[in-house]
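1. From the sequence below, what's the structure:
(one chain, ligands or ions: 1)
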Amino acid sequence: MSTQPLQPKPAPGLVQIGANSEAAIEAIIQARLAEERARLENEAGLQRKEAHHFKKPVEKPFTKQQRGHTTLLFGGLTWKHEKLLHAAFESLGYMAEALPTPDVAAFQTGKEFGNNGQCNPTYFTVGNVVQYLQHLEEQGMTKQEIIDRYIFLTAGACGPCRFGMYEAEYRLALRNAGFDGFRVVLFQQSGGLSQSDCEAGLEMNLDFFLGILNALNCGDVLNEVAFAMRPYEAEANSTNETLDRAMDYMHEVFRKRTPWKLEDKMSGFLGGFSDTAEYLGKFVNQLAGDDMTASLNRCRDMFDEVEIDRLRVKPIVKITGEFWAQTTEGDGNFNMFSFLEREGAQVMVEPVGTWITYMIHQVVQKYRDTKGLEEGAVLPPLWRLDKRVKIEMNHRSKLAKLAIAETIFKREYHRLVDALGPLGHHLADQYEMQRIGHPFYNSRAGGGEGHLEVAKNIYYSNKDLAHMVLSVKPFGCMPSTQSDGAQAAVVSQYKDIIYLPIETSGEGEVNAHSRVQMALGEAKNKAKREFNETLEKIGWTLDQLKQFVDEHPETKRPMYHVPHTKGIVGVAANFAVHVAARARKENWTPKVQEFAGAVN
Ligand code: SF4
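-> Next up is the predicted model:
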């Protein structure tokens, strides 16, 4: 006979609760829920679709062995930057090819193969890559050969705007275009191959980054000088011809450059310290070397052969906006620079260097705000003084390193500006930009150019550097849309500013040009008024100025130094003030006496 106590039987309809039965009940509930959802969806005519999320495709790594037969494709800047980058890559032993400037057809290709709702730099860029690959195919290469022999090298970041999505978008569009597995390699990011892995195809080491920075900086200063001269050239196209010559020359300089290396004998002698010694040697070579400045001196002399007429009254238009849209020189910004020049303006382009110093600055701000602590970390209690001191020391050392990086970058950049003569500008100080931009746009808000767009508008107008600020940004650009809101407050406070934001969408060029024309009309009047007022102030006529110039041919040289006078923006007006001062000093008196009238 059993000795076990009798268990009460569950009442009919009740289920006994135990671990297993709880799970069974949950399963029944979920099944009923699913049935009911399906019935209701059926009734409402809703079809449930399975989501197929895009996953990063498995890509073949780019290895050192492939370097000899793999070409790096890159682009997204001006042809001047790209030409020098091309030479820098070649000098480091890479095969490289700059992509052509993206056009509307590239934009449409990007739209065809990409996701909806992307920013248009993504469409232009990836469409441009796809077009290039399709072109290779048309020339007889198979898809597999293209995938094996080319990679796309681009910048990447984690956002916070849609920039963080670019890499995935590139891959998706390339897959949709039939180039599944085409390699997209990012720098500034440690995805894929390690940056320090010496077997990686792309060795992102000090030589690589110094090569890129030197190329970008030289590209910036050469680009700026050409834009400053072109509107005043006496003979049409003489600036562009000289620029071509200078760029060819600089391409050779970069191509023949060899990275500094510790001699073998020295390396053996230093043993375990040889890596550190080589690292330091490269830095010292960069800081003390004069090959770049000497080469730019030569370009300066080439440019100085062009004759210019500074007495043409032209409004200076400063370009700002979203990084890609303000840099590209094609359909991506409605060919805005050539349009402005045709319309009689002098264009002041934005150097890539500003963006680099802005990025360093933002990291400095972040370290200052967080003391270098990761998100969610808490400071140790006061009695753990040792830990607190360690955090403080770490934080100070990081800030010191960043301050050194910032100082070195600016010093190197300014050496190049000065080597190319008096036409270029030093970089705007990021602390000043923060100070003037922050009251309108929180300087800690990241994405795009952050507070820079607002700050530049005030900076260039307040410092008498531009008659008008034109901000070009892709349609729907999130940070730019925010800063446009803030610009309303800026222009209401700074009444003299002529500011125009233009959204570039890949279409609608005529509309954008006509809006620019209207604002430019105002800027032209401003420039003319300024010149006429200056003539009145100095008591000179245009004819008298012309006479001075004819008798002093050195003033027709672009590298002749004309100081900037406070309160005066235009080249012609600044020149007039300078001529009057010089004539006074030299006791030069004009022969042309009658008043030639105002400039109209
Ligand atoms: S800055 Fe604007 S255009 Fe550029 S990625 Fe961000 S949202 Fe897009």
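2. packing partners for the helix or strand harbouring Leu545?
-> Element membership for Leu545 (DSSP states H and E) is helix 542-551. When contacts are defined as 3 or more Cβ pairs under 8 Å, 6 or more residues apart in numbering; DSSP states H and E, helix 542-551 sits against helix 571-585. For the C-beta atoms, the positions are set from N, CA and C on the backbone; glycine is no exception.
3. What angle do helix 542-551 and the helix it packs on make with each other?
-> Calculated by axes from the mean of the first three to the mean of the last three Cα atoms, to 10 degrees, helix 571-585 forms an angle of 70 degrees with helix 542-551.
4. C-terminal to the least confident helix or strand in the chain by mean pLDDT, what's the next element?
-> Within the chain, no helix or strand scores below helix 264-270, which has a mean of 67 by mean pLDDT, DSSP states H and E. Using DSSP H and E, the helix or strand that follows helix 264-270 towards the C-terminus is helix 274-288.
5. With Glu90 as the reference, measure out to the closest residue to the ligand within the stretch 251-400 of the chain.
-> Nearest to the ligand in the stretch 251-400 of the chain, going by Cβ to the nearest ligand atom, is Glu322, at a distance of 4.8 Å. Look at Glu322 and Glu90: by Cβ to Cβ, to the nearest Å, they are 30 Å apart.
6. Look at the two and report which has more neighbours.
-> Glu322 (27 against 17; other Cβ atoms under 10 Å).
7. where does the nearest residue to the more buried one once chain neighbours are set aside land on pLDDT?
-> Leaving aside its chain neighbours, Glu322 sits nearest to Lys473 (4.2 Å; criterion: Cβ to Cβ, 6 or more residues apart in numbering). Note on Lys473: pLDDT of 92.
8. Flag the shaky bits of the stretch 101-250 of the chain, pLDDT-wise.
-> 158-159, 188-199 (pLDDT under 70).
9. Going along the chain, name the helices of it.
-> 104-113, 120-138, 143-149, 166-176, 206-229, 238-256 (DSSP state H, counting those that start in this stretch).
10. buried ones in the second one?
-> For helix 120-138, a neighbour-count test (16 or more other Cβ atoms under 10 Å) marks 120-134, 136 as buried.
11. Check the first one too.
-> Within helix 104-113, the residues that qualify as buried are Val104, Ala106, Phe107, Gln108, Thr109, Gly110, Lys111, Phe113, counting by 16+ other Cβ under 10 Å.
12. for the ligand, what are the nearby residues on the stretch 451-600 of the chain?
-> Counting by Cβ under 6 Å from any ligand atom, the stretch 451-600 of the chain comes close to the ligand at Pro474, Cys477, Met478, Pro479, Ser480.
13. Let's see which of these end up in strands.
-> By the criterion of DSSP state E, membership of these in strands covers Pro474.
14. Nearest to the ligand among the residues of the stretch 451-600 of the chain next to the ligand?
-> Nearest to the ligand among those, with distances taken as Cβ to the nearest ligand atom, is Cys477, at 3.1 Å.
15. quick one: buried residues of stretch 66-75?
-> In terms of neighbour count (16+ other Cβ under 10 Å), stretch 66-75 has its buried residues at Arg67, Thr70, Thr71, Leu72, Leu73, Phe74, Gly75.
16. what mean pLDDT does that stretch have?
-> 94.
17. With stretch 383-399 instead?
-> 87.
18. picking that back up, could you export the helices of the stretch 101-250 of the chain to CSV, including columns for distance to Pro380?
-> Below are these laid out as CSV (distance: least, Cβ to Cβ, whole Å):
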stretch, distance to Pro380
helix 104-113, 50
helix 120-138, 44
helix 143-149, 52
helix 166-176, 38
helix 206-229, 36
helix 238-256, 50
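19. will you turn these into a markdown table that also has distance to the ligand?
-> Listed next are these as a markdown table, based on distance: least, Cβ to the nearest ligand atom, whole Å:
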| stretch | distance to the ligand |
| --- | --- |
| helix 104-113 | 13 |
| helix 120-138 | 5 |
| helix 143-149 | 27 |
| helix 166-176 | 7 |
| helix 206-229 | 19 |
| helix 238-256 | 28 |
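20. Glu533 is nearest to which of these?
-> helix 206-229 (23.1 Å; Cβ to Cβ).
21. chain center to that closest one: distance?
-> 12 Å (Cα atoms, centre = their mean, to the nearest Å).
22. likewise stretch 517-535?
-> For stretch 517-535, the distance to the chain centre is 30 Å (Cα atoms, centre = their mean).
23. buried stuff in it?
-> Ala519, Leu520, Ala523, Lys524, Lys526, Ala527, Lys528, Glu530, Phe531, Asn532, Thr534, Leu535.
24. would you turn the residues you listed into JSON lines with pLDDT and secondary structure?
-> Converted to JSON lines, these look like this (pLDDT from 0 to 100; DSSP: H, G, I helix; E, B strand; the rest coil):
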{"residue": "Ala519", "pLDDT": "96", "secondary structure": "helix"}
{"residue": "Leu520", "pLDDT": "97", "secondary structure": "helix"}
{"residue": "Ala523", "pLDDT": "97", "secondary structure": "helix"}
{"residue": "Lys524", "pLDDT": "97", "secondary structure": "helix"}
{"residue": "Lys526", "pLDDT": "97", "secondary structure": "helix"}
{"residue": "Ala527", "pLDDT": "98", "secondary structure": "helix"}
{"residue": "Lys528", "pLDDT": "98", "secondary structure": "helix"}
{"residue": "Glu530", "pLDDT": "98", "secondary structure": "helix"}
{"residue": "Phe531", "pLDDT": "98", "secondary structure": "helix"}
{"residue": "Asn532", "pLDDT": "97", "secondary structure": "helix"}
{"residue": "Thr534", "pLDDT": "98", "secondary structure": "helix"}
{"residue": "Leu535", "pLDDT": "97", "secondary structure": "helix"}
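25. Phi, psi for the residue in the stretch 1-150 of the chain that the ligand sits nearest to please.
-> Using Cβ to the nearest ligand atom, Cys119 is the residue of the stretch 1-150 of the chain that sits closest to the ligand, at 3.0 Å. The phi/psi pair for Cys119 (degrees, to the nearest 10) reads phi -80, psi 150.
26. For it, the count of nearby residues, please.
-> Around Cys119 there are 25 residues (other Cβ under 10 Å).
27. Touching, it and Lys473? I think so.
-> No. Applying Cβ atoms under 8 Å as the test, Cys119 and Lys473 come out as separate, 9.3 Å apart.
28. about what we covered before: for burial, what's the neighbour tally of the residue nearest to Glu322?
-> Neighbour number of Lys473 under other Cβ under 10 Å is 30.
29. Quick one: neighbours of the nearest residue to Ala96 once chain neighbours are set aside, just the number.
-> Distances taken as Cβ to Cβ, 6+ apart put Phe89 closest to Ala96, at 3.8 Å, once the chain neighbours are dropped. Residues within reach of Phe89, counting by other Cβ under 10 Å, total 25.
30. Please consider this matter closed, and thank you.
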